[in-house]
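S.K.: Generate coordinates for the sequence data below:
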Amino acid sequence: MRPMTSISVALLVLPLPAFAADAPPIRLNTIGFLPDQEKRASVAAPCSAFTVVRPEGGAAVFSGKASEPQKNADTGEMLQTADFSPLNPPGTYCLDAPGVGRSAPFHIGKDVYNYPFYVAMRGMCLWRCGTAVTGKHEGRTYAHEPCHMDDAWLDSVGGGHVKKPATKGWHDAGDYNKYVVNAGATVGPMLQAWEHFGSRIKPLKLDNPKTVAALPDYLDEIRFEMEWVLTMQADDGSVWHKLTTKNFGGFTLPEKETTERFFTPWSSAATADFVAMAAMASRNLKPFDAPFAAKCLEAALKSWAFLAANPANHKADLKGFKTGDYQTDDPDDRLWAAAEMWETTGDAAYLKDFETRARAMKGIDTNWDWGNLKNLGMFTYLLSKRSGKDPALVQEVRDAAIASANGLVATRNAHGYGRSLGTQYYWGCNGTVARQVVNLQVANLVAPNKDYVSTALDALGHLFGRNCHGRSYVTGLGANPPMFPHDRRSGGDAIPEPWPGYLVGGGWPKAADWVDKQESYQTNEIAINWNGALVYALAGFVEGAVAAPPAPAPAKRP
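M.R.: Model prediction:
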């Protein structure tokens, strides 16, 4: 994500149309559905009866009646719902409505989310910086050479015109810079996915180049990011805010971006997020890679000591840099850091720090991103098996988590596309739709409720085609996915199709305002925090060790 001032003002007049004239009237999750879970489509045309059929023909396998029309508040459309939840046999199907049309193909099966999870995680791998990457998707090879091997100069942090190695990690978004705060918003949910669903994730083979043979593929990918994160720590324990060029570069492959890159001064938010990430990585990687886990914990302790000695909120001095700011106040970041340090070490001092902060901050947020990571700390505390927690505070956090999930269910129920974010649209709102699944799954862990699960699945359904455009919002997945994301690799190579596995930001200021154009950084950029949220959302529904692709739905090529 980037401030609007970072792109030519001419782009701000990019026309944002109303709904595409060719949006299909039947809009559903074009990836598919799990057996024994709700299965619904939204129909934006008068519809009475509908059937579910096989794409190759034959008799209907399910027949039903559509709901009465209801006006959808944010899109102004009259929508009806086609509910085919009783249909459970595995297979590939289409929904057919006489006089309306036929939907894109979709699948039913217990492993329907394995391949999307695989592709989204391969997307993280293809984001790697400081190394060559290569990956195949639908017969096409996506690759770049080693990039940004000279990272980075210390001029802006008082080190003179001297380089310090800071390779590896992931490129942040549609650009090639690297930001600690947004790394926290990505690594945090991804490591919570491991803690919540590790038994589901561990068997999946992700085909990423392994750095440590003993590590599960999933954790190995996060370790690659953490290797860069650790380089952002200064000698005194403070953490430099970002590693970046002075200005955003052009649309070219990363190895061709040779502009000088610099560390920027420290911020307390970045330092606290560093502590949290390092502590989480330490405990989760310890069973597989004890030396690296110890290195992470040592780094976390050092930066925690710096934070304790510097309690004031401190923002980075970013004068001279026009790349993403990611500037934020630090109370939520410090709270998260305390929770992770306690969970990793068991030291009561960290518990006391967390509980003092949590009593003051209160609540669980249903709408959150890199600017407020409080939920990550609250969820770690709530689900911790360690003793010593204040029972009254545990109950308060538990009640807040359940209230948040109940609110998301109610919002989903009132929305014509089952969108848990309801009528709110802003930069990166698709990432929030995915991230709300964290709230729903945490609530489901402490108070199991089928509505939390179905709302989480509806969030995925919205991202994969049950929306006013009737299109998937994830490159390379589902029906008619984005073809022109704001991504310098996709815009700088010779491959007609974009790099796969990336969630685009989505419509704003209104639902209909998403446009599939490279220039539309406001709606069509990609970013690691949105993809990290998508990875979490998918992780709770993967099944088994095989991630073979289903037959792809036909894509519409603009």
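S.K.: In this protein, spot the helix with the most residues.
M.R.: helix 391-414 (DSSP state H).
S.K.: Just the CA atoms of that helix, as PDB, please.
M.R.: Taking Å, rounded to 0.1, in the frame of the first residue of the first chain, the C-alpha atoms of helix 391-414 are listed here in PDB:
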ATOM      1  CA  PRO A 391      -9.300 -14.800  34.900                       C
ATOM      2  CA  ALA A 392     -11.400 -11.600  34.700                       C
ATOM      3  CA  LEU A 393      -9.300 -10.200  31.800                       C
ATOM      4  CA  VAL A 394      -9.400 -13.600  30.000                       C
ATOM      5  CA  GLN A 395     -13.200 -13.500  30.300                       C
ATOM      6  CA  GLU A 396     -13.300 -10.000  29.000                       C
ATOM      7  CA  VAL A 397     -11.200 -10.800  26.000                       C
ATOM      8  CA  ARG A 398     -13.100 -13.900  25.300                       C
ATOM      9  CA  ASP A 399     -16.400 -12.100  25.500                       C
ATOM     10  CA  ALA A 400     -15.000  -9.400  23.100                       C
ATOM     11  CA  ALA A 401     -13.800 -12.000  20.700                       C
ATOM     12  CA  ILE A 402     -17.200 -13.700  20.600                       C
ATOM     13  CA  ALA A 403     -19.000 -10.300  20.300                       C
ATOM     14  CA  SER A 404     -16.800  -9.400  17.400                       C
ATOM     15  CA  ALA A 405     -17.500 -12.700  15.600                       C
ATOM     16  CA  ASN A 406     -21.200 -12.400  16.300                       C
ATOM     17  CA  GLY A 407     -21.100  -8.900  14.700                       C
ATOM     18  CA  LEU A 408     -19.400 -10.300  11.600                       C
ATOM     19  CA  VAL A 409     -22.000 -13.000  11.300                       C
ATOM     20  CA  ALA A 410     -24.800 -10.400  11.600                       C
ATOM     21  CA  THR A 411     -23.200  -8.200   9.000                       C
ATOM     22  CA  ARG A 412     -22.700 -11.200   6.700                       C
ATOM     23  CA  ASN A 413     -26.400 -12.100   7.100                       C
ATOM     24  CA  ALA A 414     -27.500  -8.600   6.100                       C
END
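S.K.: Please name every helix or strand in contact with the helix or strand following it.
M.R.: As assigned by DSSP states H and E, the chain's next helix or strand after helix 391-414 is helix 429-446. Contact here means 3 or more C-beta pairs under 8 Å, 6 or more residues apart in numbering; DSSP states H and E; on that basis helix 429-446 packs against helix 180-201, helix 374-383, helix 391-414, helix 450-463, helix 528-539. (Glycine included, C-beta is placed from N, CA and C.)
S.K.: what distance separates the strand or helix carrying E221 from the centre of its chain?
M.R.: Using DSSP H and E, E221 sits in helix 217-231. In terms of C-alpha atoms, centre = their mean, to the nearest Å, the centre of helix 217-231 is set 16 Å apart from its chain centre.
S.K.: picking up where we left off before, just the buried positions in the longest helix of the chain, please.
M.R.: Buried residues in helix 391-414, defined by neighbour count with 16 or more other C-beta atoms under 10 Å: 393, 396-398, 400-402, 404-409, 411-412.
S.K.: which other helices and strands contact that helix?
M.R.: Applying 3+ C-beta pairs under 8 Å, 6+ apart, one finds that helix 391-414 makes contact with helix 348-361, helix 374-383, helix 429-446, helix 450-463.
S.K.: Now do it against helix 429-446, angle only.
M.R.: Angle of helix 391-414 versus helix 429-446, following axes from the mean of the first three to the mean of the last three C-alpha atoms, to 10 degrees, is 130 degrees.
S.K.: ok so, going back, TSV for the helices and strands packed on helix 391-414, including mean neighbour count and mean pLDDT?
M.R.: TSV is the format used below for the helices and strands packed on helix 391-414 (neighbours: other C-beta atoms under 10 Å; pLDDT from 0 to 100):
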stretch	mean neighbour count	mean pLDDT
helix 348-361	17	98
helix 374-383	25	98
helix 429-446	25	98
helix 450-463	24	98
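S.K.: Out of the ones you listed, which is closest to P116?
M.R.: helix 450-463 (8.2 Å; C-beta to C-beta).
S.K.: who's in contact with the closest one?
M.R.: Residues outside helix 450-463 that contact it (C-beta atoms under 8 Å, 6 or more residues apart in numbering) are 28-29, 31, 33-34, 37-38, 40, 113, 405, 408-409, 412, 417-420, 430, 433-434, 436-437, 440-441, 443-444, 466, 472-474, 503, 534, 537-538, 540-541.
S.K.: Now do the helix or strand just after that helix: which elements does it pack against?
M.R.: Where DSSP H and E defines the elements, the next helix or strand beyond helix 450-463 is helix 488-492. Contact here means 3+ C-beta pairs under 8 Å, 6+ apart; on that basis helix 488-492 packs against no helix or strand.
S.K.: Render the CA-only coordinates of helix 488-492 in PDB, please.
M.R.: Listed next in PDB are the C-alpha coordinates belonging to helix 488-492 (Å, rounded to 0.1, in the frame of the first residue of the first chain):
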ATOM      1  CA  ARG A 488       5.900  -4.200 -11.300                       C
ATOM      2  CA  ARG A 489       6.700  -7.800 -12.200                       C
ATOM      3  CA  SER A 490       3.400  -8.400 -14.000                       C
ATOM      4  CA  GLY A 491       3.800  -5.100 -15.800                       C
ATOM      5  CA  GLY A 492       7.500  -5.600 -16.600                       C
END
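S.K.: mean confidence for the next helix or strand after it?
M.R.: Using DSSP H and E, the next helix or strand after helix 488-492 towards the C-terminus is helix 521-524. Mean pLDDT, computed over helix 521-524, is 97.
S.K.: again with stretch 123-132
M.R.: 98.
S.K.: of the helices and strands packed on helix 429-446, which approaches A293 most closely?
M.R.: A293 lies closest to helix 180-201 among the helices and strands packed on helix 429-446, at 12.5 Å (C-beta to C-beta).
S.K.: Please identify the buried residues of stretch 308-315?
M.R.: Those would be 314-315, for stretch 308-315 by 16+ other C-beta under 10 Å.
S.K.: Quote the end-to-end distance of it.
M.R.: Length of stretch 308-315, first residue to last, C-alpha to C-alpha, to the nearest Å: 16 Å.
S.K.: Rounded mean pLDDT for that stretch, please.
M.R.: The average pLDDT for stretch 308-315 rounds to 98.
S.K.: ok, now stretch 271-287?
M.R.: The pLDDT scores in stretch 271-287 average 99.
S.K.: how about that stretch: buried residues?
M.R.: Going by neighbour count (16+ other C-beta under 10 Å), the buried part of stretch 271-287 is 271-286.
S.K.: Going by residue numbers, what spans are strands in the stretch 251-400 of the chain?
M.R.: Assigned by DSSP state E, counting those that start in this stretch, the stretch 251-400 of the chain shows strands spanning 262-263.
S.K.: quick revisit: quick check: which of the helices and strands packed on helix 391-414 is nearest to G174?
M.R.: Judging the helices and strands packed on helix 391-414 by C-beta to C-beta, what sits closest to G174 is helix 429-446, at 13.5 Å.
S.K.: Keeping just the C-alphas, turn that closest one into CSV.
M.R.: Coordinates of each C-alpha in helix 429-446 appear next as CSV, following Å, rounded to 0.1, in the frame of the first residue of the first chain:
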residue,chain,number,x,y,z
CYS,A,429,-10.6,-3.7,1.9
ASN,A,430,-10.3,-7.1,0.4
GLY,A,431,-7.4,-7.8,2.8
THR,A,432,-9.7,-6.9,5.7
VAL,A,433,-12.4,-9.3,4.4
ALA,A,434,-9.8,-12.1,4.5
ARG,A,435,-8.3,-10.9,7.9
GLN,A,436,-11.7,-11.0,9.6
VAL,A,437,-11.5,-14.7,9.2
VAL,A,438,-8.9,-14.6,12.0
ASN,A,439,-11.6,-13.1,14.3
LEU,A,440,-14.1,-15.7,13.3
GLN,A,441,-11.7,-18.7,13.7
VAL,A,442,-10.4,-17.5,17.1
ALA,A,443,-14.0,-17.2,18.3
ASN,A,444,-14.7,-20.6,16.9
LEU,A,445,-11.7,-22.1,18.8
VAL,A,446,-13.0,-20.8,22.1
